[in-house]
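Peer 1: I'll drop the sequence and a predicted model, then ask my questions.
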Amino acid sequence: MTEPTAVALDGATVAFRLADGRVYTAVEQANLAVDHGEFVAIVGPTGCGKSTLLNVTAGLLKPAAGTARIFDKPLNGLNRDAGYLFQADALFPWKTAIDNVAIGLEIRGTPRSDALARAERWLTSVGLGAFAGRYPHMLSGGQRKRVALAQVLIRDPKILLMDEPFGPLDAQTRQIMGNLLLELWTADRKAVLFVTHDLEEAIALADRVVIMSAGPSARIIGDWRITLPRPRDIAEIRMEKDFHALHREIWGVLKDEVMKGYVQSTQAGAA
Ligand SMILES: Nc1ncnc2c1ncn2[C@@H]1O[C@H](COP(=O)(O)OP(=O)(O)OP(=O)(O)O)[C@@H](O)[C@H]1O
């Protein structure tokens, strides 16, 4: 039996009512499917609606038109199958690394001793076994990201929604985090929807790269299958000829939208 599609957006249109009463259509008629175990990256110009699409998938926003289905069921309210990793840290500053990871289970009612034992294993998986007792302010940006990743993965979501998760990190740490993510994903394939403005990162990580046009009324204007072999090292794969060919082809479509998005984001009256 084939697995149902993890995420299916069908004609999803998302509009916001602005303070002055106008309606701003951010995303129009988006069709997007993510299969079970598939890694899909969304790339698009600034402000085009990437986070908006992710928020629809998370159940945080309801489309004005169209549908969102998760494993073949209409999404009503929060998407309980999904774990969400944002650009900003979502760690509790007053909790240690291990407590920050364990909390994901404790709020579901897992006894504290079990939650702590599993949190310890997850901290080890993300390379932070020796840092369990540190508070977030005692960790580097990259280490905090690792804790945040463990905090999400310990709940074993079937879908991972990632919104520029490595955005604030330096280039080397981003690559290390990308490889860690691929390693964890390979061990237990979840459906991943990964938002980034970085086309290279998208190609290096994903099975498919989806391109959005500039807003308003942003649309999905391209969908590329990335057939680069796995396992991948995301620093080394960027040196491959096939990587460059894909990059050139996708960038050919993306670059005009990036310029339009930039102009749009600087105009008065834009949302
Ligand atoms: N709650 C809201 N009310 C009004 N407009 C909004 C709201 N949320 C988002 N928008 C607008 O919708 C558009 C899409 O925003 P979104 O955050 O999804 O873009 P993005 O592609 O993720 O941007 P970035 O790459 O800069 O993070 C933007 O023009 C934004 O200003």
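Peer 2: The structure has been received and is ready for your questions. Residues are numbered from 1 along each chain as shown.
Peer 1: Report the mean per-residue pLDDT for stretch 129-141.
Peer 2: Stretch 129-141 shows a mean pLDDT of 95.
Peer 1: Please shift the residue numbers so they start at 340 in all later answers.
Peer 2: Yes, from this point I'll number from 340; that puts the last item at stretch 468-480.
Peer 1: Tell me which residues of it come out buried.
Peer 2: Across stretch 468-480, burial judged by 16 or more other Cβ atoms under 10 Å covers 470-471, 473, 475, 478. Placement of C-beta: from N, CA and C, glycine included.
Peer 1: Can you get me the start-to-end distance on stretch 420-427?
Peer 2: Its first and final residues considered, stretch 420-427 spans 21 Å by Cα to Cα, to the nearest Å.
Peer 1: So what touches it?
Peer 2: Applying Cβ atoms under 8 Å, 6 or more residues apart in numbering, the set of residues contacting stretch 420-427 from outside is 345, 393, 396-398, 409-410, 487-488, 491-492, 494, 496-504, 506-507.
Peer 1: how does it look with 7 Å?
Peer 2: Residues outside stretch 420-427 that contact it (Cβ atoms under 7 Å, 6 or more residues apart in numbering): 396-397, 409-410, 487-488, 491-492, 494, 496-504, 506-507.
Peer 1: Okay, buried residues for that stretch please.
Peer 2: Quick answer for stretch 420-427 (16+ other Cβ under 10 Å): 420-425.
Peer 1: List the ones among the buried residues of stretch 468-480 that fall in helices.
Peer 2: Judged by DSSP state H, the subset of the buried residues of stretch 468-480 located in helices is empty.
Peer 1: and of the residues you listed, the nearest to the ligand?
Peer 2: P475 (23.3 Å; Cβ to the nearest ligand atom).
Peer 1: Would you mind giving the secondary structure of G350?
Peer 2: At G350 the chain is in strand, as set by DSSP: H, G, I helix; E, B strand; the rest coil.
Peer 1: That one touches L371, doesn't it?
Peer 2: No - counting by Cβ atoms under 7 Å, G350 does not reach L371; the two are 10.4 Å apart.
Peer 1: Same drill for these two, tell me which one is more crowded.
Peer 2: With neighbours defined as other Cβ atoms under 10 Å, G350 and L371 compare such that L371 has more, 21 against 12.
Peer 1: which one among the buried residues of stretch 420-427 gets closest to the ligand?
Peer 2: Using Cβ to the nearest ligand atom, these come closest to the ligand at F425, 10.7 Å.
Peer 1: how close does that closest one sit to N394?
Peer 2: When Cβ to Cβ, to the nearest Å is applied, the distance between F425 and N394 equals 11 Å.
Peer 1: same question, V549
Peer 2: 16 Å.
Peer 1: So these two - more neighbours on which side?
Peer 2: V549 (23 against 17).
Peer 1: any idea how far that one lies from A429?
Peer 2: Following Cβ to Cβ, the distance that separates V549 from A429 is 25 Å.
Peer 1: which residues does E377 contact?
Peer 2: With Cβ under 7 Å, 6+ apart, E377 has these contacts: 530, 546-547.
Peer 1: Mind doing that once more with 10 Å?
Peer 2: 344-346, 528-532, 545-547 (Cβ atoms under 10 Å, 6 or more residues apart in numbering).
Peer 1: Repeat that for A441.
Peer 2: 434-435, 449, 451-459, 461-462, 471, 489-490, 493.
Peer 1: May I have the secondary structure class of it?
Peer 2: Put simply, A441 is helix when judged by three-state DSSP.
Peer 1: Please consider this matter closed, and thank you.
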